[in-house]
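Undergrad: Take this sequence and fold it.
(chains A, B and C)
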Amino acid sequence: MRANHLMARGFVLLVLLYLYAPILVIVLFSFTTSPRLGLPIEGLSLRWYTSALSNPLIVGALWNSMILAAVSALVASVLGTAFAFGVARLKSPRNRQLLLGAGLLPAVVPLLVIGISLAVIFQAIGFRQGLLNAAVGHVLVCLPFVILTMNAQLENFDFAIIEAARDLGATPFRAFLDVTLPLIRQSVIGAALLASALSLDEFVVTWFTAGNQQTVPVLVWGLMRRGIDPAINAIATMLLAVLVCLVFASNRFGRRVAQ
Amino acid sequence: MIAKLVKHKSFRIGLIQGGSAAALRMTSPAAAFYAVSFALPMVCLFILSFWRVEGFAMIPDFTLSNYAKVATSDLYRRLILRTIVLGLITACIVVPSAFILAYMMRFVFERRARLILQLILLSLFSGYLVRIYAWRTILGKQGLLNAMLQWLGLTEQPLAFLIYSHFAVVVTLTGLLLPLAVLPIYSAMCNVSRDHVEAARDLGSSGCHLIRTILLPMVLPGVRAGFAFTFFLAAGDFVTPALVGGAQSLMIGNVIADQFRGVGSNWPLGAALAFVTIVAVLAIYFSGVALLRRVAVW
Amino acid sequence: MTAAVDIVDVSKTFGNVAALDQINLQVQDNEFVSLLGASGCGKSTLLRIVAGFESSSHGKVIIHGDDVTSLPPHLRPTNLVFQRGALFPHMNVFDNIGYSLKLRRWPGPRIAERVAEMLALVRMEGLGQRNAAELSGGQMQRVALARALAAEPKVLLLDEPLSALDLKLRQQMQLELRAIQRGLGATFIFVTHDQTEALAMSDRIAIMNQGRIVQFGTPREIYTRPSSMYVSDFIGQTNFLRGIVLSSVNGVTTLDVGNGKRATGESASDLATGVAGILSVRPESIRIGLAEPRADDSALISGRVVEIIYLGSIVRVGSVTPANTTIWAELRDADARGLTIGMEVKLSWPPEAATIWAGDGARD
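TA: Reported below is the predicted structural model:
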């Protein structure tokens, strides 16, 4: 029994190490002095950060990434919340499961397929590749995750509360403002933050839709293809820091859901 | 006709009151978005696979020549086969690991389950490109793993197979996809209560038998979803083989991607390749699920 | 005089299933009416149609002379107390109660005054600043009641508001609710599946079964003169005896219940001789004797005691008749002394305590 428990603990730690080793390596090497990515580490410096930030493309990429993140957060959270609400309102559990499944479907489709099919449709309607196209792709990529989180949050939502407001004299819109919105606001913000994290990190769909526009991951990809450049580690670490903050914040907000 | 319907009292009240009419109304914006940005593009991609390319222009047509090219090319067949094999290997590592992990979170480390889940999910959201790139640093010829092995005296020369190989692709994809498989399997596992397991133990079941007859059937939907996630996404990934696979471990995704963004691109051929791969992957997936059903007896 | 609530010919179908089938019900002003029935009988649907949350497939709802059938819930002069309170969890008690007044743009001081009045009414003075989430089950329902009454609705609708409370608290709340209704002189429509609750509180009870109202009357009428076997079985406990009508004059009917035994009771109308009839008699009306019964007792069914259950103030005695029917009687402890299991006894009851309908009781 004791040995079993120890083995179980070992397994979990091993998995976590496996998941986090790459991240630790990136962070560690972003602070080294030598351009050689190997052990032992000779010294610590911030030179790769200065080198990364002096890249002439970084400002534009950062700006584009922020625009995309904001748009996906906004659009995906509105669409996804409404969708999750609709699912929660259905009475039959079977229909609910079916509709939820449909909402999550794009998450199982490889990003490559989503990316090329979006490239094709924009080409077909004569839309030049650019940020707008990428935004559509980002919303599509984020939406299933927003639906999934909101669905979990709304599972215990008591719809009688909305009815109570209506019964006491509130118009549908007023009931939404007074009751629904205050109750789901935290969760929606949580979902929106998650969507922005996904968008910031999105590479594949952007690659096929954004044309010549740079985003941070597209820029990183370009650097990676050119060879080993420790500046990649610096950019990646900064990106990581932002993503971790967003996911943490998303978690904090999401947990404070009123029921 | 529609105006009459809208004017009809019960319809109007139906909208105000909710129920399934309201449910449909609330899901419709997202559904419309999916229709134009997800379903329609798929259809277009399919149609495109029957077009042809002349010079640098795509010509609307109905030709099977792209599919013929895929069918007759040794290279494409090999790549598709390799993609499926690597995807399956990844899934066969990821799904059982996720299952064990989910079991432990549910029944062994119940109190820490939330923390473990958060950690696993956090890794999912922390940099897709970054993590792939990091594995190159770890597995490279002068990478961390080789350095460590040599330092420990286990090897004298750096091991070459660690990077730019099938091994590197599977290792990297496993790390990328494990969190996605844990999520559905753990949530299905949460529906299994300790009582179920104890009742089974009490009735004389244990070990493999317990897993096959009790656990697996009860978490089957989660396992199926986890399998779908890992297999589909592994088979569709082109960044991993491009960064850590090298020339000998290219997958079909790389070829498809090149047909859409690269020198001498050929969209219709890329579309045909994509659909052939999708059909092959789905066929394998459904046989895998059928096999899983057979294993999980109750 | 127009009724406070007039439900005219209301039907509701979900797909092919009729949830409500031509309901007609008139509730008078200041009346406490209960809709009583098993789950799925349509009582909640009917209440929600009156509140405006469900639309009827057919029929009208008229409140104090105004047809409200097509009005949305926020324009109806009714308020609803929900089963689990449905308090706004992000507001305190004061804001919950004052919500409808705020929507009606009452000035702040008047709202405060009214909310204080309402808090006093439900005996929660000084708890206005409490968070809705911190309340106990009973307090929640009190606040829900106060919230629904704050804007002085013409009709208060209550959807099983006490069903989530434990027995003691429920009984106490029943009394309070009834007192509040009397004090305000308001019209209450109360949905419940608990027959004791309905009997204890209502002026009149509408018993519903399978989307229809099967009887509408005062608690006493319903208990003593159930209109059908269903009602008689649903309300309280009863014994059924099947037989053939021997005679039926002036509403007094005698059945031949087999083995040459007779049973007499009252029927709503005279029944034809020779048809099948069914008699219902409440356990508390049955007398058990070893000696010959009194002359005016309608029946002297013989039986053998098979069960004696001591319940403190009363004793339940089960006897099996020669026709193999178990008849339950409820006796005072003093009357049950001397009875032992296996003893042969005579069962009897006064004819006015039994009700007889035509039919074999196969279906209602």
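
Undergrad: which regions of the stretch 51-200 of chain C lie under the pLDDT threshold?
TA: Scanning the stretch 51-200 of chain C for pLDDT under 70 picks out nothing.

Undergrad: Please apply the same query to the stretch 201-350 of chain C.
TA: Within the stretch 201-350 of chain C, the ranges that satisfy pLDDT under 70 run C:291-300.

Undergrad: Can you show me the helices along the stretch 1-150 of chain B?
TA: Ranges of helices in the stretch 1-150 of chain B, per DSSP state H, counting those that start in this stretch, are B:2-7, B:9-17, B:20-34, B:40-48, B:65-72, B:74-103, B:113-124, B:128-139, B:144-151.

Undergrad: Also the stretch 151-298 of chain B?
TA: Ranges of helices within the stretch 151-298 of chain B are B:166-189, B:194-202, B:207-210, B:216-235, B:239-240, B:252-260, B:267-295, based on DSSP H, counting those that start in this stretch.

Undergrad: helices or strands up against the longest one?
TA: So the one you mean is helix B:267-295. Judged by 3 or more Cβ pairs under 8 Å, 6 or more residues apart in numbering or on different chains; DSSP states H and E, helix B:267-295 is in contact with helix A:111-124, helix B:40-48, strand B:52-54, helix B:65-72, helix B:74-103, helix B:216-235, helix B:252-260. All C-beta spots, glycine's among them, are computed from the backbone N, C-alpha and C.

Undergrad: tell me what the fifth one is packed against?
TA: This means helix B:74-103. Applying 3+ Cβ pairs under 8 Å, 6+ apart, one finds that helix B:74-103 contacts helix A:2-29, helix B:65-72, helix B:166-189, helix B:216-235, helix B:252-260, helix B:267-295.

Undergrad: Now with 6 Å, please.
TA: If contacts are counted by 3 or more Cβ pairs under 6 Å, 6 or more residues apart in numbering or on different chains; DSSP states H and E, helix B:74-103 sits against helix B:166-189, helix B:216-235, helix B:252-260.

Undergrad: list the buried ones in that helix?
TA: Buried residues in helix B:74-103, counted by 16 or more other Cβ atoms under 10 Å in any protein chain shown: B:76, B:79-80, B:82-84, B:86-91, B:93-95, B:97-99, B:101-103.

Undergrad: next one: the second one
TA: Within helix B:40-48, the residues that qualify as buried by neighbour count (16+ other Cβ under 10 Å) are B:41-42, B:44-46, B:48.

Undergrad: Let me know the closest of those residues to chain C.
TA: Nearest to chain C out of the buried residues of helix B:40-48 is residue B:42 (Cβ to the nearest Cβ; 34.1 Å).

Undergrad: Mind telling me what element residue C:170 is part of?
TA: Element membership for residue C:170 (DSSP states H and E) is helix C:167-184.

Undergrad: For that helix, could you pull out the residues that count as buried?
TA: Buried residues in helix C:167-184 (16+ other Cβ under 10 Å): C:170, C:173-174, C:176-178, C:180-181.

Undergrad: how about the helices and strands packed on helix B:267-295 in CSV, adding distance to residue C:348?
TA: Shown next, in CSV, are the helices and strands packed on helix B:267-295 (distance: least, Cβ to Cβ, whole Å):
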stretch, distance to residue C:348
helix A:111-124, 84
helix B:40-48, 82
strand B:52-54, 101
helix B:65-72, 93
helix B:74-103, 69
helix B:216-235, 60
helix B:252-260, 91
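
Undergrad: what does the stretch 151-298 of chain B put close to chain C?
TA: By Cβ under 6 Å from any Cβ of the partner chain, no part of the stretch 151-298 of chain B sits against chain C.

Undergrad: Without its sequence neighbours, what residue ends up closest to residue A:158?
TA: When the adjacent residues along the chain are set aside, residue A:158 lies closest to residue C:86, with 6.4 Å between them (Cβ to Cβ, 6 or more residues apart in numbering or on different chains).

Undergrad: how about the one you found, what does it touch?
TA: Residue C:86 makes contacts with A:160-161, A:164, as judged by Cβ atoms under 6 Å, 6 or more residues apart in numbering or on different chains.

Undergrad: so what pLDDT did the spatially closest residue to residue B:242 that is not a sequence neighbour get?
TA: Nearest non-adjacent residue to residue B:242, counting by Cβ to Cβ, 6+ apart: residue B:254, 5.8 Å away. On the pLDDT scale, residue B:254 is placed at 93.

Undergrad: Over to residue B:134?
TA: Note on residue B:134: pLDDT of 92.

Undergrad: Got the confidence number for the nearest residue to residue C:185 once chain neighbours are set aside?
TA: Excluding the flanking residues, the one nearest residue C:185 by Cβ to Cβ, 6+ apart is residue C:30, at 4.8 Å. Here, the pLDDT recorded for residue C:30 equals 93.

Undergrad: So the longest helix seen in chain A, near chain C or not?
TA: The residue-count maximum for a helix in chain A (DSSP state H) belongs to helix A:58-89. No - Helix A:58-89 stays clear of chain C (Cβ under 6 Å from any Cβ), getting no nearer than 13.1 Å.

Undergrad: Next one: that helix, is it in contact with chain B?
TA: Yes - Helix A:58-89 reaches chain B (Cβ under 6 Å from any Cβ) through A:79, A:82-83, A:85-86, A:89.

Undergrad: Can you check which of the helices of the stretch 1-150 of chain B gets nearest to residue A:134?
TA: Minimum separation from residue A:134 across these (Cβ to Cβ) falls at helix B:40-48, 14.0 Å.

Undergrad: Name the residues that touch the closest one?
TA: For helix B:40-48, contacts defined as Cβ under 6 Å, 6+ apart pick out A:117-118, A:120-121, A:124, B:268, B:271.

Undergrad: who does the helix holding residue C:170 touch, helix- and strand-wise?
TA: Helix C:167-184 sits against helix C:195-201, with contacts defined as 3+ Cβ pairs under 6 Å, 6+ apart.

Undergrad: Can you mark which positions in the helix it packs on are buried?
TA: Neighbour-count burial for helix C:195-201 flags C:195, C:197-199, C:201 (criterion: 16+ other Cβ under 10 Å).

Undergrad: Mean neighbour count and distance to residue C:246 added to the helices and strands packed on helix B:74-103, as JSON lines?
TA: Below are the helices and strands packed on helix B:74-103 laid out as JSON lines (neighbours: other Cβ atoms under 10 Å in any protein chain shown; distance: least, Cβ to Cβ, whole Å):
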{"stretch": "helix B:166-189", "mean neighbour count": "24", "distance to residue C:246": "67"}
{"stretch": "helix B:216-235", "mean neighbour count": "23", "distance to residue C:246": "63"}
{"stretch": "helix B:252-260", "mean neighbour count": "23", "distance to residue C:246": "91"}
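
Undergrad: Would you format these as a markdown table with distance to residue B:37 included?
TA: As requested, the helices and strands packed on helix B:74-103 are exported to a markdown table (distance: least, Cβ to Cβ, whole Å):
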| stretch | distance to residue B:37 |
| --- | --- |
| helix B:166-189 | 22 |
| helix B:216-235 | 19 |
| helix B:252-260 | 17 |
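
Undergrad: Figure out which of the ones you listed is closest to residue B:286.
TA: Here helix B:216-235 is closest among the helices and strands packed on helix B:74-103 (Cβ to Cβ), at 10.2 Å.
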